[in-house]
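S.K.: build me a model:
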Amino acid sequence: RLVDFIKLDPNSYNSKQQTMNPNDRNRRPPGSKKGVPAMPKKNMNDDEEEVTRRIGGARPNFNPNLGNTQFASPMMPAPMMQTTPGKVQAAIPIQTRAVHTWNLHTIPTLPEFYPLERTAVFVAGASCETIAGRIAKVLRERSIEASYDDAKAKVRCMTTEGVDFRVRLYRGRGQFSDGIIVEVQRRFGSGLAFYTETKAILNAAEGKPPAPTRMMQLSSRNLPEVTDDEDEDYVPPPSGASSLMVVSKMLQIPGFDGQYLGLSTLATLVDPEKMSPQTSRKVSAELLKPDSESDVGPQVFTYIISRKEDEDYSQLRILALQVLAFAIKATDIIPAFLRDDLRAVLLKDAKDAEKHPRAACAALGSMEFFVHGDEDTMELNEAFETARAAGEARHNMLMLQAQRCIANIR
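M.R.: Below is the predicted model:
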């Protein structure tokens, strides 16, 4: 069994450290006066009151046209045994869960001397219930995992790419008391991905038409074709082993950042939507080989099979699940020596979809290929229906992935 010969250094990751781009320190929110700190220090513990935002200068003053404010250009992204087929069982209907909503009835008033982020808008003439409903809907449609805190009028959000951010609502003060302020704060992850999601969320809060989701944007690779005559200096892509050697060096860096960078790089290398099919196939095939000389495969599989409640470890595990799904998709190979271990763990992720929709979605990306040749399709169907119901309630991409798995059974 895999768990008998793969070991992971328990010190290979630590808590991620928050970093700040130097250019952000001089940033001022729209409509605020000079002298108000642009990037105040914040208490990063979500279980406690945020009382450490540094204040100073004058009271923030909204421009009436703040809702039309154009964002500055985003920063560069930070360092994503064969068995006999059994009889197909009929699907067991599972009651659809209620759609996750943000149940707000009252919201706090914007504190004095509170420097808002530039990623904020003022929505006049709308109730907090209306705006909260719009935000909850766009989060569900864009497959953003959301945890709602009604008491603090706050949502903790995590995208499929691992971008961690918060959405907060405040009632305006003075001449802006007839509207709601929506603020979005990034905590971790790609600045480019954050910019895209923030724009969609703030547009939805204002009642504007939604932007296309990531699934629509990434449905095809719009790269120009190159003829042989235009590519005389063409150099063949490196082998899968050499690519994994680079990733292996990254994974040897201690701490969360090194592990995250290594797994994110690997996820890109095996994704046929981001790399050429030839490159992703070579790297994926080497990754899934039982006798591969690289140590990257065992590290990825260990992350998948070892389930821990630690938040940072869970982030890395989801990246490993995405790597596995991309690799199986690129090669159509399910490693026989890992099938039984992987099947049990991935099914557990699917059944826990209500609690961890991101992990379930990534797990179903691999489970889609486990259907054919599986003896117990009834067990698979139950897990897929559970994930579908959870996705319908709170995570659109999970719902679609579960539907594809169910269709493969039927």
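S.K.: all helices in the stretch 301-410 of the chain, in order from the N-terminus.
M.R.: When secondary structure is read from DSSP state H, counting those that start in this stretch, the stretch 301-410 of the chain shows helices at 311-331, 339-351, 357-367, 377-394, 396-409.
S.K.: to Gly172, which of these lies closest?
M.R.: Using Cβ to Cβ as the criterion, the shortest distance between Gly172 and the helices of the stretch 301-410 of the chain is 29.4 Å, found for helix 377-394. Every residue, glycine included, has its C-beta placed from N, CA and C.
S.K.: elements contacting the closest one?
M.R.: Applying 3 or more Cβ pairs under 8 Å, 6 or more residues apart in numbering; DSSP states H and E, one finds that helix 377-394 contacts helix 339-351, helix 357-367, helix 396-409.
S.K.: quick one, it and helix 357-367 angle?
M.R.: In terms of direction (axes from the mean of the first three to the mean of the last three Cα atoms, to 10 degrees), helix 377-394 departs from helix 357-367 by 140 degrees.
S.K.: ok, back up a step: deepest-packed of the helices of the stretch 301-410 of the chain, please.
M.R.: Across the helices of the stretch 301-410 of the chain, averaging neighbours per residue (mean count of other Cβ atoms under 10 Å) puts helix 357-367 on top, at a mean of 27.
S.K.: what's that helix in contact with?
M.R.: Judged by Cβ atoms under 8 Å, 6 or more residues apart in numbering, the contacts made with helix 357-367 from elsewhere in the structure are 143, 145, 158, 160, 314, 317-318, 321-322, 324-326, 328-329, 342, 345-347, 349-350, 352-353, 380, 383-384, 387, 390-391, 394-395, 397-398, 401-402, 404-405.
S.K.: mind exporting the C-alpha coordinates of it to CSV?
M.R.: Extracted in CSV, the C-alpha atoms of helix 357-367 (Å, rounded to 0.1, in the frame of the first residue of the first chain):
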residue,chain,number,x,y,z
PRO,A,357,-16.6,21.9,-1.7
ARG,A,358,-13.2,22.9,-3.2
ALA,A,359,-11.6,19.6,-2.2
ALA,A,360,-14.7,17.6,-3.4
CYS,A,361,-14.6,19.4,-6.8
ALA,A,362,-10.9,18.6,-7.2
ALA,A,363,-11.4,15.0,-6.1
LEU,A,364,-14.3,14.5,-8.6
GLY,A,365,-11.9,15.6,-11.4
SER,A,366,-10.1,12.3,-10.8
MET,A,367,-13.1,10.2,-9.9
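S.K.: what's the average pLDDT for that helix?
M.R.: The average pLDDT for helix 357-367 rounds to 94.
S.K.: for Ala136, which of the helices and strands packed on helix 377-394 is the nearest?
M.R.: Within the helices and strands packed on helix 377-394, the stretch nearest Ala136 is helix 396-409; the backing value is 12.5 Å (Cβ to Cβ).
S.K.: lovely, talk soon.
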